[in-house]
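Colleague: next comes the sequence, and after it the predicted model I'd like to discuss.
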Amino acid sequence: MGFFDRSDGKKPAPLPASAGDPVAPSAGGIMPQLAAAREKLEANDLPGALALYEQVLADAGDRADVLVAISGDLGSNNHVKPIIQLIAPRYDAQRHGPATGLNVLQAYLAAHDAGAAQHVLDILFSLNRPELEERLYGFSNAIAELIAQGAVPDEAPANEDGPVMAAELKVALITISKPIWFYGLEPLASEILPPKEGRLRRVAFAQLALPGLKNIAEAMTQPEDDLGRLSRALPLWLAETFYFSPHYSPIAVVGVLDHPETGKHPMLFEAEWTTDNLHQLAATSGEKLDYVFTGALQHSAGVYELHLRVWDMKKFRERKAFALRWTPATADAELTKLHEAIRAFMEWEPEKRGLAYAPPAKPGAWLDALGASLGFFLLEKVLPPTTTPTAPDFLNAGTAQLAAGSEAAALASLTLRSRATRLGLTAPGGEVKPMSTPRVEQAQQTLAWIDSRKK
């Protein structure tokens, strides 16, 4: 990629200036100095070249053509650290344009500094240059690969206590691309899920932040509470809703924290997602996103407050905001209203293939079931075996009632009970028989076979 792509063994040419960054054909003594520095680089005399660059930058360090020429020549000769040291502190995207920023970004990538590279990428995205979009998304993928590999900067800074341990705390974003209750029923995909084909709008629903939550680090090591479960369940519900629409390809995104001392835990976000987080999500999602829902959830004195934002990912700007307040007594009515408002704004239409979708009659109980399904899923697939599982008591009545009146809820109940059994828990919702349909009967047989194979 760029001037760091050396797979063919050839030396790439310096990155050219964009139309907004013309290199002056003559500039008194500056251009001859740049040419002389280039010759020293080609002769492997880096100190000599840097001495010339210091002189040029002292006289013309704010000129776009100078910055892009120096960074391009250094990068073409595989000297990335001087770009970070000399050029990055001087770079201003609005004054200098994108070409120098691209060189600085590639220098950070070569130095394995994903955080700094992401910061520069965010700045370049903010320039809103359509001709750069494809290239910037390519850099997003490169940053995502660094993050996935756990790469750390080549030289971590030191402080008076000794070297800094880079990347001690890692947060993995887990994407759920299908309804959470479907996992375990993959052999029945064609019977349950509608096919996803044609031009689809990609939408992500991010885990909600919990601003104001006290002792959030300690809370992440404790069993999941109502607020934490809701922060994950609401995105799951919306993603499931949009899966059963012919126009959308949705994902739900939740976090898992990998702590060097306490191990892996479901993540709790203290602050609402920023555009930096959106860029990270775009880089790790695998496909270009059209919209992202983010938000924050709070609970005080029995009152819940929810704020949702819809982001247009093409321009990284907020398109719509939703606000909601409810108490336990008004939860179902208020959540139903929110669900309807979101569907109307996003021009949601029901899918006519696969399982017939209908909004739950009791959203509160459905959110409990979805949150528990995710919790069991993470225990089985992501969290360490030493994690102690617990089965929430609230599942028994609510899940059973839903399963008796809804085919989707019946399937959710079956996969929830199956996973709970494999985790050594008492299966929830077993006192009421779920709705009986051919799909549900097939699901029961499929899960019984899977469970027998895993014993």
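Modeller: In hand now; what should we look at? Numbers count the residues shown, from 1 in each chain.
Colleague: run through the stretch 1-150 of the chain and note the low-pLDDT ranges.
Modeller: 1-28, 145-150 (pLDDT under 70).
Colleague: try it again at 50.
Modeller: Applying pLDDT under 50 to the stretch 1-150 of the chain flags the ranges 1-27.
Colleague: where's the nearest residue to residue 93 once chain neighbours are set aside relative to residue 101, distance?
Modeller: Spatial nearest neighbour of residue 93, chain neighbours left out: residue 123 (4.8 Å); criterion: CB to CB, 6 or more residues apart in numbering. (C-beta placed from N, C-alpha, C; glycine too.) Using CB to CB, to the nearest Å, we find residue 123 at a distance of 6 Å from residue 101.
Colleague: go on, residue 232?
Modeller: To residue 101, residue 232 is 36 Å away according to CB to CB.
Colleague: ok, these two, which is more surrounded?
Modeller: Taking other CB atoms under 10 Å, residue 232 and residue 101 do not tie; residue 232 has more neighbours (28 against 24).
Colleague: the helix or strand containing that one: what's the following helix or strand?
Modeller: Using DSSP states H and E, residue 232 sits within helix 226-243. Next helix or strand after helix 226-243 toward the C-terminus (DSSP H and E): strand 248-259.
Colleague: which strands or helices does that next one pack on?
Modeller: Helices and strands touching strand 248-259, by 3 or more CB pairs under 8 Å, 6 or more residues apart in numbering; DSSP states H and E, are strand 170-176, strand 201-206, helix 226-243, strand 263-266.
Colleague: given that strand, what are its sheet partners and their directions?
Modeller: With DSSP bridges as the test, strand 248-259 is paired with strand 170-176 (antiparallel), strand 201-206 (parallel), strand 263-266 (antiparallel).
Colleague: quick one: closest of those strands to residue 415.
Modeller: Ranking the strands paired with strand 248-259 by their distance to residue 415 (criterion: CB to CB) puts strand 170-176 first, at 13.4 Å.
Colleague: list the buried ones in stretch 250-259?
Modeller: Buried residues in stretch 250-259, counting neighbours by 16 or more other CB atoms under 10 Å, are found at 250-258.
Colleague: can you redo those as CSV with distance to residue 411?
Modeller: Below are those laid out as CSV (distance: CB to CB, whole Å):
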residue, distance to residue 411
250, 18
251, 20
252, 17
253, 23
254, 21
255, 26
256, 25
257, 30
258, 32
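Colleague: quick one: the helices in the stretch 301-450 of the chain?
Modeller: All helices of the stretch 301-450 of the chain, identified by DSSP state H, counting those that start in this stretch, fall at 331-345, 363-381, 395-405, 407-422, 438-454.
Colleague: go through those helices and name the closest to residue 114.
Modeller: Nearest of the helices of the stretch 301-450 of the chain to residue 114, taken as CB to CB: helix 363-381 at 24.5 Å.
Colleague: what ranges do the helices span in the stretch 51-200 of the chain?
Modeller: According to DSSP H, counting those that start in this stretch, the helices that the stretch 51-200 of the chain contains are 64-76, 81-82, 93-96, 98-110, 114-125, 133-149, 189-192.
Colleague: pipe those into a markdown table and attach distance to residue 374 per row.
Modeller: Below are these laid out as a markdown table (distance: least, CB to CB, whole Å):
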| stretch | distance to residue 374 |
| --- | --- |
| helix 64-76 | 44 |
| helix 81-82 | 44 |
| helix 93-96 | 39 |
| helix 98-110 | 33 |
| helix 114-125 | 27 |
| helix 133-149 | 22 |
| helix 189-192 | 18 |
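Colleague: now do the buried residues in stretch 84-94.
Modeller: Residues of stretch 84-94 classed as buried by neighbour count (16+ other CB under 10 Å): 84, 86-88, 90-91, 93.
Colleague: same deal with stretch 235-252?
Modeller: Within stretch 235-252, the residues that qualify as buried are 235-246, 248-252, counting by 16+ other CB under 10 Å.
Colleague: same deal with stretch 333-344?
Modeller: Applying 16+ other CB under 10 Å to stretch 333-344 flags 334-335, 338-339, 342-343 as buried.
Colleague: likewise stretch 192-201?
Modeller: The neighbour-count check on stretch 192-201 (16+ other CB under 10 Å) flags 192-194 as buried.
Colleague: so for it, what's the average pLDDT?
Modeller: The average pLDDT for stretch 192-201 rounds to 90.
Colleague: now that stretch - C-alpha only, PDB.
Modeller: Provided in PDB are the C-alpha atoms of stretch 192-201 (Å, rounded to 0.1, in the frame of the first residue of the first chain):
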ATOM      1  CA  ILE A 192     -35.700 -19.300   9.100                       C
ATOM      2  CA  LEU A 193     -33.700 -16.500   7.600                       C
ATOM      3  CA  PRO A 194     -34.500 -14.500   4.500                       C
ATOM      4  CA  PRO A 195     -31.800 -14.400   1.800                       C
ATOM      5  CA  LYS A 196     -29.700 -11.300   1.700                       C
ATOM      6  CA  GLU A 197     -29.200 -10.300  -1.900                       C
ATOM      7  CA  GLY A 198     -29.100  -7.300  -4.200                       C
ATOM      8  CA  ARG A 199     -28.100  -3.800  -3.200                       C
ATOM      9  CA  LEU A 200     -28.500  -3.600   0.600                       C
ATOM     10  CA  ARG A 201     -28.000  -0.800   3.100                       C
END
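Colleague: outline the domain layout of this protein.
Modeller: Per automatic domain parsing, the domain ranges recorded for the chain read 2-149, 170-454.
Colleague: where does the residue nearest the centre of the chain fall, secondary structure wise?
Modeller: Relative to the mean C-alpha position of the chain, the nearest C-alpha, by CA atoms, centre = their mean, is the one of residue 281, at 2.7 Å. Per DSSP H and E, residue 281 falls inside helix 275-284.
Colleague: other SSEs contacting that helix?
Modeller: Applying 3+ CB pairs under 8 Å, 6+ apart, one finds that helix 275-284 contacts helix 114-125, helix 133-149, strand 170-176, strand 201-206, strand 291-300.
Colleague: and the shortest one, what's buried?
Modeller: The neighbour-count check on strand 201-206 (16+ other CB under 10 Å) flags 202-206 as buried.
Colleague: and that strand, how far from the chain's centre?
Modeller: Centroid separation between strand 201-206 and its chain, computed with CA atoms, centre = their mean, to the nearest Å, is 10 Å.
Colleague: contact partners of that strand?
Modeller: With contact meaning CB atoms under 8 Å, 6 or more residues apart in numbering, strand 201-206 is reached by 175, 234-236, 238-239, 242, 247-253, 273, 277, 281, 285, 287-295, 346.
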